[in-house]
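J.: Structure here, sequence nowhere to be found:
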């Protein structure tokens with residue numbers, strides 16, 4: 001099966017195409033049946049014929065989900081199945097400091113470092129934690 005890689009905040013769209021041999025006589029309507037074999041409820045699937053669309057922020061970051069597509073011609077019992085995997089990759093944290101990254105305080109002034117604007121694009125279910133370090137900066141005159 002096919003492996004797709006996305007981020008949690010991306011829409012997943014899969015479009016199926018049917019390849020037929022020239023001698024195939026039945027040109028009737030094809031029926032598409034999408035399913036997710038693992039991961040979450042099928043109520044999150046939005047499918048319209050040959051197109052599957054799953055909204056952004058549906059998957060959990062770091063998750064792996066197995067999907068399946070069954071196609072039949074609607075007039076006989078013939079059908080063809082295919083499947084694939086969706087791997088949801090972790091986004092990088094976005095560290096933002098109020099006032100920017102290049103604050104140069106005067107000697108003996110109080111410095112307040114505020115990273116409350118930082119975000120986790122994956123919306124992890126646990127609070128963000130911060131670690132601060134200071135390093136001396138040698139000025140060249």
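T.: Thanks, I have it. Not measured: the values here are computed from a predicted model.
J.: distance of residue 111 from residue 99?
T.: Applying Cβ to Cβ, to the nearest Å, the value for residue 111 to residue 99 is 10 Å. To be clear about C-beta, it is placed using only N, CA and C from the backbone, and glycine gets the same treatment.
J.: Could you do residue 62 as well?
T.: With distances defined as Cβ to Cβ, the gap from residue 62 to residue 99 amounts to 33 Å.
J.: what do you get for residue 134?
T.: Distance, residue 134 to residue 99, by Cβ to Cβ: 16 Å.
J.: For the chain, which element, helix or strand, carries the lowest mean pLDDT?
T.: Least confident element among the helices and strands of the chain, by mean pLDDT, DSSP states H and E: strand 46-48 (a mean of 70).
J.: Now the element after that strand, going C-ward?
T.: The helix or strand immediately downstream of strand 46-48 is strand 51-54, counting by DSSP states H and E.
J.: what pairs with that next one, and is each one parallel or antiparallel?
T.: Taking DSSP bridges as the criterion, strand 51-54 forms sheet pairs with strand 12-15 (antiparallel), strand 46-48 (antiparallel).
J.: pLDDT on it, on average?
T.: Confidence over strand 51-54, taken as the mean pLDDT, stands at 86.
J.: gap between that strand and the chain center?
T.: Averaged C-alpha coordinates place strand 51-54 at 13 Å from its chain's average position (Cα atoms, centre = their mean, to the nearest Å).
J.: The strands paired with strand 51-54: which one's closest to residue 55?
T.: Smallest distance to residue 55 across these (Cβ to Cβ): 7.2 Å, for strand 46-48.
J.: host element of residue 114?
T.: If you go by DSSP H and E, residue 114 is not part of any helix or strand.
J.: That one - nearest residue in space that isn't next to it in sequence?
T.: Residue nearest to residue 114 in three dimensions, not counting chain neighbours: residue 98, with 4.1 Å by Cβ to Cβ, 6 or more residues apart in numbering.
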